[in-house]
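In: take a look and give me a structure for this.
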Amino acid sequence: MHIPYSDNKNQPLFDINNETVPLVYFNIVKLKKGETHSYQLKNHESSIVPATGTIEITVDGKSLGSIGTRTKNVWDGEPEGSYIPLNAACTITCLSDITEFFIAGGIYDKKLEPFLVKKEEIDKVQYGSDDTKTHRKIKHILGAKQHEQVGRLLVNELYTVGAGGWSGFPPHKHDTENLPIETRHDEVYNYRFNPGNGFGVQVFQRDENKNEGFGYQLFDGSTIAVDKGYHPCVVAPGYEMYYFTILVGQSQRSLIQYFQKTHAYQIETIPGIKDMIAKYK
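Out: Numbering: from 1, shown residues only. Now for the predicted structure:
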């Protein structure tokens with residue numbers, strides 16, 4: 001499913017009980033200095049991540065602290081984030097002139113402790129190469145480092161490195177609960193481009209045994225929900241692509257990707273990709 005950029009007026013793009021990715025909640029909120037946004041998700045743990053601006057977070061009436069160091073865009077410095085337990089009353093206050101932040105939620109059934117993730121705690125992985133057209137950087141906000149503190153929610157930012165190239169390659173999927181070969185993880189992306197007039201394409205192939213597929217052209221602000229199938233994406237030459245990523249597991253937090261058989265051999269040709277795969281476990 002593709003949602004082109006539009007002013008969502010601080011209303012969720014994927015709310016509770018949505019049919020496309022039922023494990024995921026996703027909202028993009030924009031505030032001006034002094035304005036607040038409040039939410040409480042009864043059955044979802046969540047993470048608040050500023051794209052730009054600085055915010056203060058209050059959870060169940062207590063200040064958790066402030067996060068957010070970027071002023072211009074998602075390329076302007078390192079990310080920071082947070083963990084908000086399910087059924088917690090959360091209020092976000094804009095401390096900078098303006099802010100735009102993501103709220104990423106995932107179904108879970110236990111209330112854990114809230115915490116912040118500062119820029120020095122971000123877990124970074126860079127892999128691929130310009131030669132293989134797979135060069136990218138991943139910044140894990142809720143990743144392997146937080147595995148004991150989070151239920152089933154994974155949150156990160158992905159960047160193409162250089163100008164143009166593939167991401168999510170070799171083609172992979174995670175739509176079937178088939179341990180230990182594959183896990184069911186619902187996934188949502190929000191894309192940004194540098195320069196902002198850039199574009200990319202999100203590819204889907206539902207059936208490995210049929211040479212049939214389809215794609216969505218991506219622009220700055222596009223949102224994609226991955227419900228099933230193989231789903232690599234590509235950015236046009238001359239542009240960098242960023243995407244904010246939410247993954248929520250049906251039965252476990254660790255992601256096990258199933259790589260398409262006809263292309264899986266390329267795992268051996270892409271530098272560092274095995275380290276990238278391990279970071280999701």
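In: next up, the contacts around residue 131.
Out: Not one residue lies near residue 131 by Cβ atoms under 8 Å, 6 or more residues apart in numbering. Backbone N, C-alpha and C define where each C-beta goes, glycine included.
In: residue 193 now?
Out: Residue 193 touches 199-200, 218-220, 235, 239-242, counting by Cβ under 8 Å, 6+ apart.
In: next, count neighbours for residue 197.
Out: A count of neighbours around residue 197, defined by other Cβ atoms under 10 Å, yields 9.
In: list the residues that contact it.
Out: For residue 197, the contacting residues are residue 220, by Cβ under 8 Å, 6+ apart.
In: where's it, which helix or strand?
Out: Counting by DSSP states H and E, no helix or strand carries residue 197.
In: gap between it and residue 238?
Out: Here the criterion is Cβ to Cβ, to the nearest Å. By it, residue 197 lies 10 Å from residue 238.
In: which stretches of this structure form helices?
Out: Using DSSP state H, the helices of the chain run over residues 273-278.
In: for residue 242, give the beta-bridge partners.
Out: Taking DSSP bridges as the rule, residue 242 bridges to residue 159, residue 192.
In: burial count for residue 107?
Out: Counted with other Cβ under 10 Å, residue 107 comes out at 21.
In: before we move on, what about residue 216?
Out: Residues contacting residue 216 under the criterion other Cβ under 10 Å number 17.
In: do residue 6 as well
Out: 9.
In: just give the nearest non-adjacent residue to it, would you?
Out: Spatial nearest neighbour of residue 6, excluding adjacent residues (Cβ to Cβ, 6 or more residues apart in numbering): residue 221 at 8.0 Å.
In: and what of residue 250?
Out: Counting by Cβ to Cβ, 6+ apart, residue 184 is the residue found nearest to residue 250 once chain neighbours are left out, at 4.0 Å.
In: same question for residue 235.
Out: Nearest one to residue 235, counting by Cβ to Cβ, 6+ apart, is residue 241 at 3.7 Å.
In: now do residue 234
Out: Nearest residue to residue 234, sequence neighbours excluded (Cβ to Cβ, 6+ apart): residue 166, at 5.0 Å.
In: same question for residue 255.
Out: Distances taken as Cβ to Cβ, 6+ apart put residue 280 closest to residue 255, at 4.0 Å, once the chain neighbours are dropped.
In: cool, residue 114 as well?
Out: Computed as Cβ to Cβ, 6+ apart, the closest residue to residue 114 that is not its neighbour in sequence is residue 59, at 4.6 Å.
In: output the below-cut-off pLDDT ranges for the stretch 101-250 of the chain.
Out: Scanning the stretch 101-250 of the chain for pLDDT under 70 picks out no residues.
In: and if we set it to 80?
Out: The model of the stretch 101-250 of the chain has pLDDT under 80 over residues 162-163.
In: from residue 141, how far off is the spatially most central residue of the chain?
Out: Per Cα atoms, centre = their mean, the C-alpha nearest to the average position across the chain is that of residue 245, at 1.0 Å. As for residue 245, its distance to residue 141 is 9 Å (criterion: Cβ to Cβ).
In: how about residue 262, nearest residue that isn't a chain neighbour?
Out: Nearest non-adjacent residue to residue 262, counting by Cβ to Cβ, 6+ apart: residue 208, 7.4 Å away.
In: the one you found and residue 263 touch, don't they?
Out: No. At 9.9 Å, residue 208 and residue 263 do not qualify as touching, with contact defined as Cβ atoms under 8 Å.
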